[in-house]
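Novice: got a predicted structure here, sequence first:
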Amino acid sequence: MMSWLGMMVILAADAPPAADQGFSQMLQMAPFILIAVMFFVVVWLPNSKDQKKKRAQLAQMKKNDRVYTSSGIIGTISNISADGKEVTLKVDDNAKIRVFRRAIEGFYADSTNPETSPPA
């Protein structure tokens with residue numbers, strides 16, 4: 001007497017190939033496609049919106065804005081180069097540094113001095 005599992009294996013081996021295997025393969029790929037779509041919606045879209053907002057905000061930089069760099073340096077913009085790629089930051093009374101514009105992360109809002117808050 002043959003077991004149930006053994007009988008299924010023999011019947012599956014003797015069965016002709018299914019006509020709609022393409023649909024079956026698409027159905028097997030559905031979870032991967034769904035994961036890719038969810039990744040795009042949850043991770044990619046919000047990140048791209050934040051980047052666009054940051055680029056627009058940094059395009060409006062002007063002299064005397066307080067900013068912070070990606071390395072954590074806080075300073076006031078004293079000069080922007082003619083090509084717009086370099087920014088000179090006044091860090092202290094006698095200290096100025098030049099950084100690339102892309103190194104600036106954002107505007108620095110000092111909670112103790114309301115005059116230096118970033119533009120809305």
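Specialist: Arrived safely, thanks for sending.
Novice: need the strands for this structure, in chain order.
Specialist: 66-69, 74-80, 86-90, 96-100, 104-107 (DSSP state E).
Novice: which one of the ones you listed lies nearest to Ser24?
Specialist: Ser24 lies closest, by Cβ to Cβ, to one member of the strands of the chain: strand 104-107, at 50.2 Å. Where you see a C-beta, it was placed from the backbone N, CA and C, and this is true even at glycine.
Novice: domain map for the chain?
Specialist: Per automatic domain parsing, the domain ranges recorded for the chain read 22-60, 62-114.
Novice: okay, the strands of the chain in CSV with mean neighbour count next?
Specialist: Below are those laid out as CSV (neighbours: other Cβ atoms under 10 Å):
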stretch, mean neighbour count
strand 66-69, 19
strand 74-80, 16
strand 86-90, 19
strand 96-100, 13
strand 104-107, 17
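Novice: same question for stretch 63-70, mean pLDDT?
Specialist: For stretch 63-70, mean pLDDT rounds to 92.
Novice: any residues touching it, and which ones?
Specialist: Contacts of stretch 63-70 with the rest of the structure, by Cβ atoms under 8 Å, 6 or more residues apart in numbering, involve 61, 74-80, 87, 89, 99, 103-110, 116, 118-119.
Novice: pLDDT at the residue nearest the centre of the chain, what is it?
Specialist: Geometric centre of the chain, nearest residue: Asn47, 3.4 Å, by Cα atoms, centre = their mean. Note for Asn47: predicted pLDDT of 84.
Novice: may I see the strands of the chain arranged in a markdown table, with distance to Gln51 as well?
Specialist: Shown next, in a markdown table, are the strands of the chain (distance: least, Cβ to Cβ, whole Å):
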| stretch | distance to Gln51 |
| --- | --- |
| strand 66-69 | 17 |
| strand 74-80 | 21 |
| strand 86-90 | 19 |
| strand 96-100 | 17 |
| strand 104-107 | 12 |
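Novice: of the ones you listed, which is nearest Ser3?
Specialist: strand 104-107 (66.9 Å).
Novice: neighbouring strands - and their directions - for that closest one?
Specialist: Take DSSP bridges as the rule and strand 104-107 pairs in its sheet with strand 66-69 (antiparallel).
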